[in-house]
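**Student:** Model the following, please.
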Amino acid sequence: MDEKWYLQTKKADFEEISRKFNISKITARLIRNRDIMGDENIKEYLKGNIDNLNSPWLFKDMDKAVDILKIKISDESKIRIICDYDVDGVCSGYILYHCLKKLRAIVDIVVPHRIEDGYGINERLIKQAYDDGIDTILTCDNGIAAISQIEYAKSLGMTVVVTDHHEVVFEETDGGKKYVLPKADAIINQKQEDCDYPFKELCGAMVAYQLMSALFESMERGKNDVRALLPYAAMATVCDVMELQGENRIIVKAGIEALKNNNDVGINALIDICKLDKRNIDAYHFGFVLGPCLNASGRLDTAKKAMELLECEDKEMAFVLAEKLKKLNDERKELTEAGTKEAVRIAEQSDEKVLVIYLKDCHESIAGIIAGRVREQFHKPVLVLTDAIDGVKGSGRSIENYDMYAELSKVKELFTKFGGHKMAAGVSLPKENIEILRKKLNENCNLTEEDLYLKVWIDMQLPLECVTMNMIEELKVIGPYGKGNEKPVFAEKNLKVQKIQILGKTGNVLRLIIENMNGYRMTAMIFGRAMDFMAFISEKFGQSEIDKALKGEKNNIQIMATYYPKINEYNGNSQIQIIIDRFC
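**Tutor:** I've put the predicted structure just below:
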């Protein structure tokens, strides 16, 4: 994959921002690079807390939904929550279930099966609810597109409240887009055209959280019961890859803090099983450790297991459930690694700009993960397809300059089903259409060679001697990191590699001693890209220079690198080091 490095050059009075907000000029520049401008926005970015969230009453239909739930609770009507099977769905379902139980509602929850039910509410689930004597269906993280399904529920005389965050279905007409809403009794979704809730990028769990906030307020209950659920809303925000800007960043920040004092048996068992330090959990652990364990059950088994863990109040049983989820995730990792290896092999043999990769034996639930991995390695749009009950199914992941949903729409006659957005998509199609799809997507593709370059944006060139304990500590105000609020990227050139040590069971970790032009030395670590680094310096400087560096002898290896600084704590000692991400 070819890449180009760009240095951010956004202007501001960094001296004044530094003075006014009592931060360093480095931090002031980082904030400006994230397009945070104006005193109020900077203040919210640095000091924003859960009290800065918009009022839940700004949602369209919030008053309707609250009134419906209050009546159903009072009448002891049976309520059934139907969620999605991913982390956002499970967390939003748990938030609704936990809160309604607190309010003594007669409520249960159903998690659809990924393969047997597919995404969201369906007629089988509705009929099952009707047969079970359910009066009211409450959806979360789904429902906005369930036009016919909700019409069926209404024909049975059921009450339906939708909570969702996905795009509203629309039809193209001569006058533009005509939006189509399900005929539910109330719809809580900020994406509705006439919804006044100002922040539009909430995940499903936060929509559910805001509904419960309004309900508890209306019933004159305190805020603490709902706020205790912030860790689940935060995890869902990260795992659904929402942009960590505005309210989302506040939610994740508050959720990480709330988790430190969270006593829920289920999530604490999972934290322990994953051997995490609860005091130092951050967005990374939500997105890459805890979240994937909850997700694995919905991918390889049933998401009911994830819900059972969150609901569990028995410590011994919680540990059993948490262990099962971790084992499922470990299995998912192995399947993903094997699938990715094969997908990369296929991609390496192709010079096409849009990669359509058929993996016959891949589990359909991990096709999207594999597509994402291949996209990261080749910086091309990728569709990974695999055998399903009817034909083939698959998932796609795109790059910034390729609108995947729009391009798939141009060949929609090839699909039995498809959906998605600019950066990701899901498809179903007959097996015989795979090659036709590959050919048409590439014939229609307007991507240039320039589009296929990975653009690496550097916050600033920062000499190693500027990296101090205080500077690293202050960087915490920039977090939590994730999509839309990326970890700062610093760069330094003309770095001499004084010594190389190969570490780790597989040799995929490197420890370097580096020295800059000013003679300042520091430890640098490379995780996961050790083989790439060794291949790069071998090609550029030769094996004899590597042999010298491995012995700590004087050599000619010199690099430019992007990095992030970190404090390494070991045996009570603290040492500054940098983590090298990219190099040239």
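**Student:** Would you map the strands across the stretch 251-400 of the chain?
**Tutor:** Taking DSSP state E, counting those that start in this stretch as the criterion, the stretch 251-400 of the chain carries its strands at 355-358, 382-387, 392-397.
**Student:** What's the mean pLDDT across stretch 11-21?
**Tutor:** Confidence over stretch 11-21 (mean pLDDT, whole number) is 96.
**Student:** contacts for it?
**Tutor:** By C-beta atoms under 8 Å, 6 or more residues apart in numbering, the surrounding residues in contact with stretch 11-21 are 23-25, 27-29, 31-32, 37, 39, 42-43, 46. (Glycine included, C-beta is placed from N, CA and C.)
**Student:** Return the members of these classed as buried.
**Tutor:** 23-24, 27-29, 31-32, 42 (16 or more other C-beta atoms under 10 Å).
**Student:** Mind telling me what element residue 225 is part of?
**Tutor:** According to DSSP states H and E, residue 225 maps onto helix 224-227.
**Student:** Identify the residues contacting that helix?
**Tutor:** By C-beta under 8 Å, 6+ apart, helix 224-227 touches 50, 99, 102, 209, 212-213, 216, 258.
**Student:** rewinding a little: just send the contacts of stretch 11-21 back as a markdown table, with secondary structure and distance to residue 225 too.
**Tutor:** Putting those into a markdown table (DSSP: H, G, I helix; E, B strand; the rest coil; distance: C-beta to C-beta, whole Å) gives the following:
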| residue | secondary structure | distance to residue 225 |
| --- | --- | --- |
| 23 | coil | 35 |
| 24 | coil | 40 |
| 25 | helix | 43 |
| 27 | helix | 36 |
| 28 | helix | 39 |
| 29 | helix | 41 |
| 31 | helix | 34 |
| 32 | helix | 39 |
| 37 | coil | 37 |
| 39 | helix | 35 |
| 42 | helix | 33 |
| 43 | helix | 29 |
| 46 | helix | 29 |
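**Student:** Farthest pair within the buried ones among the contacts of stretch 11-21?
**Tutor:** Greatest spatial distance among the buried ones among the contacts of stretch 11-21 (C-beta to C-beta): 24 and 42, at 13.8 Å.
**Student:** of the buried ones among the contacts of stretch 11-21, closest to residue 2?
**Tutor:** residue 29 (27.9 Å).
**Student:** Compute the distance between that closest one and residue 267, please.
**Tutor:** For residue 29, the distance to residue 267 (C-beta to C-beta, to the nearest Å) stands at 37 Å.
**Student:** How about residue 561?
**Tutor:** 38 Å.
**Student:** Low-confidence stretches in the stretch 201-350 of the chain?
**Tutor:** For the stretch 201-350 of the chain, the stretches with pLDDT under 70 are 298-302.
**Student:** Let me fix that, I meant to ask about the chain.
**Tutor:** In the chain (pLDDT under 70), the answer is 1, 114-115, 117-118, 298-302.
**Student:** redo that, cut-off 50
**Tutor:** Applying pLDDT under 50 to the chain flags no residue at all.
**Student:** In contact with the residue nearest the centre of it, which residues?
**Tutor:** Most central in the chain under C-alpha atoms, centre = their mean is residue 241, positioned 2.7 Å from the mean C-alpha point. Residues in contact with residue 241, defined by C-beta under 8 Å, 6+ apart, are 482-483.
**Student:** what's the answer for the one 5 residues further on, then?
**Tutor:** When the contact criterion is C-beta under 8 Å, 6+ apart, the partners of residue 246 are 199, 201.
**Student:** In stretch 442-457, which residues are buried?
**Tutor:** Quick answer for stretch 442-457 (16+ other C-beta under 10 Å): 442, 445, 451-452, 456.
**Student:** swap in stretch 501-513?
**Tutor:** 509-510, 512-513.
**Student:** Using CSV, list the CA coordinates for the helix holding residue 225.
**Tutor:** Output in CSV follows, covering the C-alpha atoms of helix 224-227 (Å, rounded to 0.1, in the frame of the first residue of the first chain):
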residue,chain,number,x,y,z
ASN,A,224,-28.5,8.0,39.3
ASP,A,225,-30.2,4.8,38.2
VAL,A,226,-30.0,5.8,34.5
ARG,A,227,-26.5,7.3,34.8
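**Student:** Which strands or helices does the helix or strand that comes right after that helix pack on?
**Tutor:** Downstream of helix 224-227, the next assigned helix or strand under DSSP H and E is helix 230-239. Applying 3 or more C-beta pairs under 8 Å, 6 or more residues apart in numbering; DSSP states H and E, one finds that helix 230-239 contacts helix 87-102, helix 204-218, helix 247-259, helix 291-300.
**Student:** ok now helix 230-239, how far from the chain's centre?
**Tutor:** Helix 230-239 has its C-alpha centroid displaced from the chain centroid by 9 Å (C-alpha atoms, centre = their mean, to the nearest Å).
**Student:** go on, stretch 6-18?
**Tutor:** With C-alpha atoms, centre = their mean, you get 29 Å for stretch 6-18.
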